[in-house]
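**Q** With the input below, show me the fold.
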Amino acid sequence: MKLQRTTLILMLLALGLGGIVYFVEIRGGIQSQESQGNKPQIFSFAADDVRSLNIKTNNLNITIDRNTNPNPPKWLLKSPVSVPASDASVSFLMDLLVKGTSDRIINASSNQLNEFGLNQPQATIEVKLKNQKTHSLILGKSDFNDRFLYAQANPGNKRDRKNEVLLVSKEFVNAVNRELSEWQQTADNQLQNSTPLPLPTFTPPTKVSP
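**A** All right, here's what the predicted structure looks like:
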């Protein structure tokens, strides 16, 4: 009887351990894969909804407006100079804002924001839409693996005052850390965006009879 009881206890322990392994390793792996396939988008607006951008870094503060004139250029640099903006530079940033996702969301306390580099961010992006709504993205430090950036989206709009810290693509650094000249439309880009001129026609010389 004692042997049967011991065997029963061992069987129950084995079943318990098996359940723990299932939930920790197997089920946990499934949930991890599901979360990776459903990463939340940073913003929900479309590219055509954007009317202006303000990008503030440690070295530069620029404002870019959408051109209301149907003719090129598509974007106009309004500050600190008033010139046509580089469509390539603006489109690169716009693509990240519209399609960018967050790899993970961290609920942080206000005291932890400084650890993520968000109290003194390396860049702040403000977006104004055609419906007059505004959105902002604050870019902080890189994470410990140097794979993502800590960021905050619309931090002043949280009614519950939770500090949600996002992990976003490091491509945002390349998109905003540019010299002023890189935001300006160059002569080469203007030529590429303009309507190509027709090629001259070639008329063969008339053959003269001897």
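**Q** What is the least confident helix or strand in the protein?
**A** Lowest mean confidence among the helices and strands of the chain (mean pLDDT, DSSP states H and E): helix 28-37, at a mean of 41.
**Q** hey, where'd the helices end up in this structure?
**A** Taking DSSP state H as the test, the helices found in the chain are 2-21, 28-37, 87-99, 171-176, 180-183, 187-193.
**Q** Show the model's pLDDT score for residue 172.
**A** In this model, residue 172 is scored at 97, pLDDT.
**Q** Equivalent analysis for the one 4 residues further on, please.
**A** Here, the pLDDT recorded for residue 176 equals 97.
**Q** Please determine how far residue 87 is located from residue 50.
**A** From residue 87 over to residue 50 the distance is 13 Å, taken as C-beta to C-beta, to the nearest Å. For every residue, glycine as well, the C-beta is placed using N, CA and C.
**Q** Number of residues surrounding residue 179?
**A** Applying other C-beta atoms under 10 Å, we find 9 residues neighbouring residue 179.
**Q** Backbone dihedrals for the closest residue to it other than its chain neighbours, please?
**A** Spatial nearest neighbour of residue 179, chain neighbours left out: residue 60 (7.9 Å); criterion: C-beta to C-beta, 6 or more residues apart in numbering. Main-chain torsions, residue 60, degrees, to the nearest 10: phi -150, psi 150.
**Q** Next one: residue 60 from residue 187, what distance?
**A** On the measure of C-beta to C-beta, residue 60 and residue 187 end up 22 Å apart.
**Q** more neighbours, those two?
**A** Counted by other C-beta under 10 Å, residue 60 and residue 187 do not tie: residue 60 has more neighbours, with 15 against 7.
**Q** For that one, give me its contacts.
**A** 80, 178, 179, 180 (C-beta atoms under 8 Å, 6 or more residues apart in numbering).
**Q** Report the two of those residues separated the most.
**A** Pairwise distances among those were taken by C-beta to C-beta; the largest, 13.4 Å, belongs to 80 and 178.
**Q** Could you check which of the two is surrounded by more residues?
**A** Taking neighbours as other C-beta under 10 Å, residue 80 and residue 178 compare with residue 178 leading, 19 against 11.
**Q** give the contact list for the nearest residue to that one once chain neighbours are set aside.
**A** Once flanking residues are discounted, residue 178 sits nearest to residue 89: 6.3 Å by C-beta to C-beta, 6+ apart. Residues near residue 89 by C-beta under 8 Å, 6+ apart: 175, 178, 182, 183.
**Q** And the helices of the chain, which one averages the lowest pLDDT?
**A** Set side by side, the helices of the chain differ in mean pLDDT, and helix 28-37 is lowest with a mean of 41.
**Q** Confirm for me that residue 50 is in contact with residue 131.
**A** No. Using C-beta atoms under 8 Å as the test, residue 50 is too far from residue 131 to be in contact (10.9 Å).
**Q** Same drill for those two, tell me which one is more crowded.
**A** The residue with more neighbours, out of residue 50 and residue 131, is residue 50; 22 against 9, by other C-beta under 10 Å.
**Q** Show me the beta-bridge partners of the closest residue to the more buried one other than its chain neighbours.
**A** Nearest residue to residue 50, sequence neighbours excluded (C-beta to C-beta, 6+ apart): residue 127, at 5.8 Å. With DSSP bridges as the criterion, residue 127 is bridged to residue 53, residue 135.
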